[in-house]
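Asks: Structure of the sequence below:
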Amino acid sequence: MKLRVISVGSKCPAWIRQGFDEYAKRLPREMPLTLTEVPAPRHHQDSAKVDEYEAKKIAEKISSSDWVVAMDEAGRQFDGEGVSAELNRWRDMGKDVVFLIGGANGLSPQLLGRADQRLSLSALTFPHYMVRVLLAESLYRAWTISIGHPYHRE
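Replies: Have a look, this model is predicted:
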């Protein structure tokens, strides 16, 4: 199973990229985590045009066979064990999992409609670049739980 993150924005701070890469490299070869960046449109455009542009660019990166998880503030929240159970369930489906992270406006209704699942990291609101790191760490933590690694402490 491959884990892919498709995220709006290509000008993130170096420390964000380093954080994502650190957790991605910790995952096993049979569960690689990659990041695909979609350039953000100019923000002085109206929000409907921004949403349409982001939706089009993200949708081009999704395969019909992918299991799509939209990162959405209204999505379901899990604790570490819950994410671990989901990770096992996704693996058992035999599909690649694609996580979608929208830009400043979040994900468009079209992308939310395409999603097979919606996931929220917290009731708090995070900058979309920060979500990349938090998601990567959460996936790494979930994997360590599933193999009994001591990284996660109850």
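
Asks: Number of residues surrounding Phe99?
Replies: Using other C-beta atoms under 10 Å, Phe99 is surrounded by 24 other residues. For glycine as for every other residue, the C-beta is placed from the backbone atoms N, C-alpha and C.

Asks: And His149, how far from Ala48?
Replies: Plainly put, His149 is 45 Å away from Ala48 if you go by C-beta to C-beta, to the nearest Å.

Asks: Ala74 too?
Replies: 20 Å.

Asks: do Met93 as well
Replies: Separation of Met93 from Ala48 (C-beta to C-beta): 34 Å.

Asks: which regions of this structure sit below the pLDDT cut-off?
Replies: 43-44, 152-154 (pLDDT under 70).

Asks: Nearest the geometric middle of it, what residue?
Replies: Centroid-nearest residue in the chain, with C-alpha atoms, centre = their mean: Phe99, separated by 3.4 Å.

Asks: can you pull the contacts of Trp90?
Replies: With contact set as C-beta atoms under 8 Å, 6 or more residues apart in numbering, Trp90 has these partners: Met1, Trp67, Val97.

Asks: and the last one, how many neighbours does it have?
Replies: The burial count assigned to Val97 is 23, neighbours taken as other C-beta under 10 Å.

Asks: is it true that it touches Val5?
Replies: No - using C-beta atoms under 8 Å, Val97 is not in contact with Val5, being 9.6 Å away.
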